[in-house]
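*Asks:* Predicted model, plus sequence, below.
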Amino acid sequence: MCASVKKLRGRSRRSSESIRKKHALKTDKIEEDIALDRHFKPIIKPLQQIVDSPVRAIKRQSRDDDVASKREKKRGGGGGGGGRESERDV
């Protein structure tokens, strides 16, 4: 019975050490995240606003329309814009 008690104490000790290490890793990770947020927040916030900006979507749509218009001209579609003028007039 003495051997089994020693085994249990050893397992308990190893488990306790593992828990302490895991807690230390979590604590370091949390502190690192806080430091990164503090350091990069002035940069991240404006960049996020640029990414979320509706102007970007409008420019992307305009660029896609220009590409479609060029393709239409290459195919000999005539019309000078792939029907965009008719959409404006309507």
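*Replies:* All right, it came through fine. Numbering: from 1, shown residues only.

*Asks:* Run a quick neighbour tally on R63.
*Replies:* Neighbour count for R63, taken as other Cβ atoms under 10 Å: 10. (Glycine included, C-beta is placed from N, CA and C.)

*Asks:* ugh, wrong one, I meant I44
*Replies:* 12.

*Asks:* Could you say which helix or strand holds it?
*Replies:* Here I44 sits within helix 2-52, counting by DSSP states H and E.

*Asks:* I'd like the distance from that helix to the chain centre, please.
*Replies:* 22 Å (Cα atoms, centre = their mean, to the nearest Å).

*Asks:* right, and the helix or strand after that helix?
*Replies:* helix 54-74.

*Asks:* Which positions in that following helix come out as buried?
*Replies:* Neighbour-count burial for helix 54-74, counted by 16 or more other Cβ atoms under 10 Å, picks out 69, 72.

*Asks:* orientation of it relative to helix 2-52 in degrees?
*Replies:* 60 degrees (axes from the mean of the first three to the mean of the last three Cα atoms, to 10 degrees).

*Asks:* so where's the protein shaky on pLDDT?
*Replies:* Residues of the chain that meet the criterion pLDDT under 70 lie in 1, 55-59, 77-90.

*Asks:* how about a cut-off of 50?
*Replies:* For the chain, the stretches flagged by pLDDT under 50 are 87-90.

*Asks:* quick revisit: so which elements touch the helix holding I44?
*Replies:* The contact analysis (3 or more Cβ pairs under 8 Å, 6 or more residues apart in numbering; DSSP states H and E) places helix 2-52 against no helix or strand.
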